[in-house]
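Colleague: Predicted model and sequence follow; I will ask about them next.
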Amino acid sequence: MAIAYEEKVNVVKSGENVVLVGNNNFNLTHIFDCGQAFRFNLKDGIWQGVAFGKILKCSQDGDHVIFYNITIEEFKAIWFRYFTLDINYGEIIKTISENKTFELATNFADGIRILRQDTWEALCSFIISQNNNIPRIKGIIDRLCESFGEEIESGIYTFPRAEKLAPLSVLDLAPLRAGFRAKYIIDAAKKIANGEVLPLSLTYLPYETAKENLMLIKGVGHKVADCTLLFGCGRFEAFPIDVWIKRVMASLFPDGLPECATEYAGIAQQYLFYYARMNNIK
DNA sequence: AGCCAGGGTCTGC
DNA sequence: GCAGACCATGGC
């Protein structure tokens, strides 16, 4: 009988920590530096961030990834899914590497995994990302969490719930210095809070329907909707087209994505984005 | 100093 | 459907 892929993932308890062992196509630096998540930062060799209301501290030494001060139960309940350890990246990489450019991109950006982030957090974060640069996106999100999130440890805050932001005005968001995006954040919060956009439904509705639903929100166009579906709903067929992908597609794939990359277009996109941006390929 | 940033809206064809 | 002005702010 075939063993489910997730049962091949080796996770062990070590003292107060949990350790992920083996070659899992897993690179913390690439995962957190590739522009998909904005709340993790490297401090003294340890990646620290918050997701789903929980603090996570982790580091990597080769084939060992250490998750500090958590139980196996918490790891399996939250982080296993967050880091998409149920997805066989070895197979995906093999498939898309049939194309030479994707072979280069997956070699350069090895260990990137698309995170399954909270839908609302991804939506709100990528609204903030529009016409913006990554350092400032992080700054605005930091101020958003400090201003409206809950303090779970000294100086560490959760991402505020949509219900918390829905009743606010643009003036209330002034401390974020989010500019023209403030009104979009509030509209998104309202539509999530009142159920016009249902995060759970976005994971199973047909792709086009889910995307149209998200685009009801002011300030959500094709790109932000696709980022929300890819990073916040586990929809790996979503293919966000930002300025980098647009340029690289025009220069490297004028006839569209190669067939081998279409099934996991979003994952292929992320390798390509990181590869192009880090090497300034236009 | 000035260009640009993981874009979207609005208007006018 | 496509092009262009405009949008706030600050990183580089």
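Modeller: Great, that's in hand.
Colleague: those helices in the stretch 101-250 of chain A, which residues are they?
Modeller: A:119-128, A:134-148, A:162-165, A:182-193, A:207-214, A:222-233, A:243-252 (DSSP state H, counting those that start in this stretch).
Colleague: near DNA strand C, which residues of chain A?
Modeller: A:131-133, A:135-136, A:139, A:177-180 (C-beta under 7 Å from any atom of the strand). All C-beta atoms are positioned from the backbone trio N, CA, C, and that covers glycine.
Colleague: hang on, the earlier thing: rank the helices of the stretch 101-250 of chain A by mean pLDDT and give me the bottom one.
Modeller: Across those, helix A:243-252 has the smallest mean pLDDT, namely a mean of 93.
Colleague: returning to that earlier point: so which of the helices of the stretch 101-250 of chain A is nearest residue A:112?
Modeller: The closest of those to residue A:112 is helix A:222-233. By C-beta to C-beta, the value is 12.1 Å.
Colleague: now the residues of chain A next to DNA strand C: which count as buried?
Modeller: Neighbour counting with 16 or more other C-beta atoms under 10 Å marks A:132, A:139, A:178 as buried within these.
Colleague: now, which of these sits nearest residue A:121?
Modeller: Nearest to residue A:121 among those, with distances taken as C-beta to C-beta, is residue A:178, at 15.2 Å.
Colleague: rewinding a little: restrict the residues of chain A next to DNA strand C to those near DNA strand B?
Modeller: Checking the residues of chain A next to DNA strand C against DNA strand B (C-beta under 7 Å from any atom of the strand), the matches are A:131-133, A:136, A:180.
Colleague: Reformat the buried ones among the residues of chain A next to DNA strand C as CSV; add distance to residue A:203.
Modeller: Putting these into CSV (distance: C-beta to C-beta, whole Å) gives the following:
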residue, distance to residue A:203
A:132, 27
A:139, 30
A:178, 27
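Colleague: Check whether residue A:79 really touches residue A:67, as I assumed.
Modeller: Yes. Between residue A:79 and residue A:67 there is a contact at 6.4 Å, judged by C-beta atoms under 8 Å.
Colleague: Give the residues shared as contacts by those two.
Modeller: residue A:56 (C-beta atoms under 8 Å, 6 or more residues apart in numbering).
Colleague: Give me the neighbour count for residue A:110.
Modeller: 14 (other C-beta atoms under 10 Å).
Colleague: again with residue A:195
Modeller: Quick note: residue A:195 (other C-beta under 10 Å) scores 9 neighbours.
Colleague: which outside residues touch the helix or strand where residue A:29 lies?
Modeller: Assessed by DSSP states H and E, residue A:29 sits inside helix A:28-33. Helix A:28-33 is contacted from outside by A:37, A:40, A:42, A:47, A:49, A:58-60, A:65, A:83, A:109-113, A:115, A:274, using C-beta under 8 Å, 6+ apart.
Colleague: Having no further points to raise, I will conclude here.
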